[in-house]
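Engineer: Whatever this is, show me its structure:
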Amino acid sequence: MKFILIFGPQAVGKMTVGHELEKLTGLKLVHNHMTIDLLHPLFGFGQEMWRLSDMFRNEIFKAVAKSDAEGLIFTFVWAFDQKRDWEFVSETRSIFETAGGKVCFVELEAETEVRLQRNRMTHRLEHKPTKRNIEESEVHLIETLKKNRLNLLPNEIQEENYIRIDNTFLEAEDVAKLIKKRFDL
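Structural biologist: Numbers count the residues shown, from 1 in each chain. Sure thing, here's the model as predicted:
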């Protein structure tokens, strides 16, 4: 079992790359907005929404880890300055490693101007209802960039199963091929 964690800032292309990786490998994708967009109409972006989202994700991860699935792809905006995010990743990692799985870390980065363009792409808006208010989404993207650190510092994590990809000028399919090759998926 392999757990592919694709992380990076908003609109860097995590979900789009995840969809391409899903096509190439047959692994199922759970992108972070699947739980967010389920709960947002009920709770907004408040504490209860995040609590339930984490709970749903953990239960999904536990079920997949116990199954005969070959693996899972998950996307996540990891704020490296937030203890809660480090704890979430640690707990998630533990679920899969305890079941004998291998966790693969994929960090995506792209220039802010490119991310702002991607924020408006049809594929993103089709799959993420809370991003359809583009003005609000762009403000959040810029504010989060100022408030949080969304990419790792050099050598911040020392993982054998880690790759950092600047996908500013790469197509999602090409990024997925790099990931597939790097982790022998």
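Engineer: tell me which residues in the longest helix seen in the chain are buried?
Structural biologist: As assigned by DSSP state H, the longest helix anywhere in the chain is helix 47-66. Neighbour-count burial for helix 47-66, counted by 16 or more other C-beta atoms under 10 Å, picks out 49-50, 52-54, 56-57, 60-61, 64-65. Placement of C-beta: from N, CA and C, glycine included.
Engineer: now stretch 91-106
Structural biologist: Within stretch 91-106, the residues that count as buried by 16+ other C-beta under 10 Å are 92-93, 95-96, 101, 103-106.
Engineer: show me what contacts the residue most central in space within the chain?
Structural biologist: Per C-alpha atoms, centre = their mean, the C-alpha nearest to the average position across the chain is that of residue 75, at 1.7 Å. Counting by C-beta atoms under 8 Å, 6 or more residues apart in numbering, residue 75 makes contact with 6-7, 14-15, 18, 29-32.
Engineer: Of the residues you listed, which is the most crowded?
Structural biologist: In terms of neighbour count, residue 14 stands highest of the contacts of residue 75 at 29 neighbours, by other C-beta atoms under 10 Å.
Engineer: max-length strand in this structure?
Structural biologist: Looking across the chain with DSSP state E, the single longest strand is strand 102-109.
Engineer: For residue 110, grab the count of nearby residues.
Structural biologist: Residue 110 has 21 nearby residues by other C-beta under 10 Å.
Engineer: mind listing the helices in the protein by residue range?
Structural biologist: For the chain, the helices defined by DSSP H cover 14-25, 33-43, 47-66, 83-98, 112-118, 122-127, 134-147, 172-182.
Engineer: would TSV of those with mean pLDDT and distance to residue 156 be doable?
Structural biologist: Putting the helices of the chain into TSV (pLDDT from 0 to 100; distance: least, C-beta to C-beta, whole Å) gives the following:
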stretch	mean pLDDT	distance to residue 156
helix 14-25	97	19
helix 33-43	91	26
helix 47-66	95	23
helix 83-98	96	11
helix 112-118	95	20
helix 122-127	87	27
helix 134-147	91	18
helix 172-182	98	19
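Engineer: Quick check: closest non-adjacent residue to residue 129.
Structural biologist: Nearest non-adjacent residue to residue 129, counting by C-beta to C-beta, 6 or more residues apart in numbering: residue 37, 5.0 Å away.
Engineer: ok, now which ones touch that neighbour?
Structural biologist: The contact partners of residue 37, taken as C-beta under 8 Å, 6+ apart, are 128-130.
Engineer: at 10 Å what do you get?
Structural biologist: Each residue near residue 37 by C-beta atoms under 10 Å, 6 or more residues apart in numbering is listed here: 31, 53, 127-131.
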